[in-house]
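Peer 1: have a look at this fold, sequence not included:
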């Protein structure tokens, strides 16, 4: 089993009305750690849990949002 730590930037959303001078936003800096499932040219997928025949709580992160990936020992 391979574990990966992924540092990535998420999108942000603001609901309702917002003054134009307050329209600057910052992007949340995220860290996800999980069981490595797969990687392709566009994304990396990890999961929180694994059983004999399934994964639980998967997340697929687009590579354009990823800042750093590290394999954990």
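Peer 2: Okay, I see it. No experiment lies behind these values; they were computed from the predicted model shown. Residues are numbered from 1 along each chain as shown.
Peer 1: now the phi/psi pair for residue 41, please.
Peer 2: In terms of degrees, to the nearest 10, the main-chain angles of residue 41 are phi -70, psi -20.
Peer 1: could you find the closest non-adjacent residue to residue 69?
Peer 2: Leaving aside its sequence neighbours, residue 69 sits nearest to residue 6 (CB to CB, 6 or more residues apart in numbering; 5.3 Å). (Each C-beta comes from the backbone N, C-alpha and C, glycine too.)
Peer 1: quick check: which element contains that neighbour?
Peer 2: Assigned by DSSP states H and E, residue 6 falls within strand 3-9.
Peer 1: kindly report the same for residue 24.
Peer 2: Going by DSSP H and E, residue 24 is not in any helix or strand.
Peer 1: next, residue 19: phi, psi?
Peer 2: phi -60, psi 140.
Peer 1: neighbours around it, how many?
Peer 2: Using other CB atoms under 10 Å, residue 19 has 6 other residues around it.
Peer 1: partners of the strand holding residue 6 in the sheet?
Peer 2: Applying DSSP bridges to the sheet, strand 3-9 is found paired with strand 29-39 (antiparallel), strand 66-72 (antiparallel).
Peer 1: make CSV out of those strands and add mean pLDDT and mean neighbour count.
Peer 2: Below are those laid out as CSV (pLDDT from 0 to 100; neighbours: other CB atoms under 10 Å):
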stretch, mean pLDDT, mean neighbour count
strand 29-39, 98, 14
strand 66-72, 98, 12
